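Peer 1: Sharing a model that was predicted from the sequence below.
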Amino acid sequence: MRIASTDAADARTTQGEPMPEREQPPAPADDALQWFTAVVREHSTALVKYFARRGPRQDAEDLAAEVFATAWRRRDDVPREAVLPWLYRTAGFTLANHRRKLVDLPVDEVPEADSGRVDEDPELSALFDAELRGALLSVGERDRRILLLHAWEGLDGAELAEVLGISRSGADAALSRARTRLREAWGERMSF
């Protein structure tokens, strides 16, 4: 009869058969956790402001947290050289999903994309000049999004391209076209 064994191999055996070693759940790598912590510290204010300008302020922090949760889950997909544009692009999708959750309309009652958006959209109502709001409304939703990402978030070039999911030259061209359309819409509104 053996009372104690100091041999590690004996400790893992039962009736001569080795017992499987316990597998520890994989812990996130320290570098991934450090990267994520730095991303949250660096970009949380920008994301909260992004959502506060586009929706109810009370939802801004929750929506930003949702974007960061997505960033953590998809951390291998986040380009290290363009984190903020990736976050803004994800924020756009998150906001669209959030807005869809708030509207419970039968399909035949869904309003057209541009009808009545100016008065209800904090993004546009924050712009105090009614003529500019009208000009922004007339350029279309995509152009308006590009112009506001450039003006409010300070994005251009590669960052704007990343948010829009297009090439840099495509983003530059889209911004240029959006500016031209806004100038034309502004000129038409101010001509009478």
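Peer 2: Perfect, I can see it now.
Peer 1: Number of residues surrounding Leu47?
Peer 2: 25 (other C-beta atoms under 10 Å). To be clear about C-beta, it is placed using only N, CA and C from the backbone, and glycine gets the same treatment.
Peer 1: following the longest helix along the chain, which helix or strand shows up next?
Peer 2: In the chain, ranked by residue count with DSSP state H as the criterion, the top helix is helix 30-54. Scanning forward in sequence from helix 30-54 by DSSP states H and E, the next helix or strand is helix 57-73.
Peer 1: And the contacts of that following helix?
Peer 2: The set of residues external to helix 57-73 that reach it, using C-beta atoms under 8 Å, 6 or more residues apart in numbering, is 36, 39-40, 44, 47-52, 55, 78, 86-87, 90-91, 94-95, 98.
Peer 1: Can you list the buried residues in that helix?
Peer 2: 59-60, 63-64, 66-68, 70-71 (16 or more other C-beta atoms under 10 Å).
Peer 1: Just name the lowest-scoring one in the residues you listed, pLDDT-wise.
Peer 2: Lowest pLDDT within the buried residues of helix 57-73 is found at Asp59 (87).
Peer 1: Surely Arg179 is in contact with Leu147?
Peer 2: Yes - between Arg179 and Leu147 there is a contact under C-beta atoms under 8 Å: 7.1 Å.
Peer 1: neighbour count winner among the two?
Peer 2: Legend: neighbour count by other C-beta under 10 Å for Arg179 and Leu147, higher for Leu147 (18 against 15).
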